[in-house]
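Trainee: The following comprises the amino acid sequence and a computationally predicted model.
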Amino acid sequence: VYASTDEFYQVMQEVLRRLEADPQAVKDFAGTKMAVRIRGTDPAVEMVINGRHNPVQASVGPQEGKVDLELGMSTDLLHDILTGKAGVKDSFLSGKVKVTGNMFKAMKLAGPFHNVQRIYPQVLAEQGRPA
């Protein structure tokens, strides 16, 4: 889906900017009181959403610091999850998503994750990228 890390970051920077500007999305993520790192492969990408801070902080690119939960998967799978082509539950259960940290904490991400799924396809369309 993404030929380079920069292409992914261009899309996700806008997604995260909109997430930070959405009061309900901020409230949902702040309610988790967690910092989450998502790492993708092929191309290698990384982003962190930190709900421990007020306001919530979100960034792309390698980040220093401890997180409560880390999710690892192919960047294509992340795209498919964010567009609804792949299910979150099935991806976890099949082992395609690697979780480092407390798996029960991952369940807290359901609400905040739906906000990202709502915004991501809009950004793709605006940037002329296929969903």
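Mentor: Looks like it came in fine.
Trainee: Which helix or strand contains Ser91?
Mentor: For Ser91, the enclosing helix or strand under DSSP states H and E is helix 88-93.
Trainee: Please put the alpha-carbon coordinates of that helix into PDB.
Mentor: Provided in PDB are the C-alpha atoms of helix 88-93 (Å, rounded to 0.1, in the frame of the first residue of the first chain):
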ATOM      1  CA  VAL A  88      -9.100  -6.200  14.600                       C
ATOM      2  CA  LYS A  89     -10.100  -9.300  16.600                       C
ATOM      3  CA  ASP A  90      -9.200 -11.700  13.800                       C
ATOM      4  CA  SER A  91      -5.900 -10.000  13.300                       C
ATOM      5  CA  PHE A  92      -5.100 -10.400  17.000                       C
ATOM      6  CA  LEU A  93      -6.300 -13.900  17.300                       C
END
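Trainee: Centre of the chain to the helix or strand just after that helix, how far?
Mentor: Downstream of helix 88-93, the next assigned helix or strand under DSSP H and E is strand 98-101. Centroid displacement of strand 98-101 relative to its chain, using Cα atoms, centre = their mean, to the nearest Å, is 14 Å.
Trainee: name the helices or strands packed onto the helix holding Ser91?
Mentor: Helix 88-93 is packed against helix 75-83, with contacts defined by 3 or more Cβ pairs under 8 Å, 6 or more residues apart in numbering; DSSP states H and E. Any C-beta I mention is one placed from the backbone N, CA and C, and that applies to glycine too.
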